[in-house]
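Colleague: next comes the sequence, and after it the predicted model I'd like to discuss.
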Amino acid sequence: MGVAENLELVRKEIPGHVTLVAVTKTKPVETILEAYRAGHRDFGENRVQELMQKKESLPADIRWHMVGHLQSNKVKLLVPFVHMIHGVDSLKLLKVIEKESAENNRVTDVLLQVHIAREETKFGLSEEELDALLYSEEFGRVTHTRIRGLMGMATFTENREQVRREFRYLKGLFDRLRGSVFAGSDAFNQLSMGMSGDYRLALEEGSTMVRIGSLIFGPRNQ
């Protein structure tokens, strides 16, 4: 099956209120265009350099999501156009996004990344670090960065119950913040969790945004 057929199959499983971010890591422009021609507009990249190259060669109405780990020194490349940055995992990074957004006279939509997996390799804030960031004086001065919600990556494991527990934990955090720090904010409404191997579980646990690559585009190119 081709990209358009794969995309259609995934779309059928996703409720209308959930955003499907098609992750294009290692995929060539022509392959991405197959999804674009099938009507898809939300695409995600893990690496800034790759995103910048693809952006130049692809239609301007694509909504680009930065879904990988972001280094502070690359922020200025993304801020002028990026639709959403998924992986804000420190106050330092948030402050850099804020500074660049102010200089570009725009508001950048971001998600705060929470560490929910058992693996040490995954990035993200702990619950304590998340609270410390949100209740900090610096956060109170943020005006050009809009926190749209939370993002998390579950442990890469065959244990479905563990994955479900991790997603459920993140949903609980999301609900707690929506009722406290972000009470009254319509913008805080996105919970990005679920990838090709676990998105069905993520949807059951309340995800509003899934990041899917290999199910649409096939295995990653080495």
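Modeller: Everything's here; your move.
Colleague: low-confidence ranges in this protein?
Modeller: 121-122, 221-222 (pLDDT under 70).
Colleague: tell me the spacing between the residue nearest to Asn46 when sequence neighbours are not counted and Val48.
Modeller: Leaving aside its chain neighbours, Asn46 sits nearest to Gly68 (3.1 Å; criterion: Cβ to Cβ, 6 or more residues apart in numbering). C-betas here are computed from N, CA, C, even on glycine. To Val48, Gly68 is 8 Å away according to Cβ to Cβ, to the nearest Å.
Colleague: neighbours around Thr24, how many?
Modeller: Using other Cβ atoms under 10 Å, Thr24 has 25 neighbouring residues.
Colleague: just the element for Leu20, please.
Modeller: When elements are assigned from DSSP states H and E, Leu20 belongs to strand 19-23.
Colleague: name the helices or strands packed onto that strand?
Modeller: Here strand 19-23 touches helix 3-13, strand 42-45, strand 209-212, going by 3 or more Cβ pairs under 8 Å, 6 or more residues apart in numbering; DSSP states H and E.
Colleague: ramachandran angles for the residue positioned nearest the centre of the chain?
Modeller: Centroid check for the chain by Cα atoms, centre = their mean gives His86 as the closest residue, at 3.3 Å. According to degrees, to the nearest 10, the main-chain angles of His86 amount to phi -90, psi -20.
Colleague: surely it and Gln113 touch.
Modeller: Yes - under the criterion of Cβ atoms under 8 Å, His86 makes contact with Gln113 at 6.8 Å.
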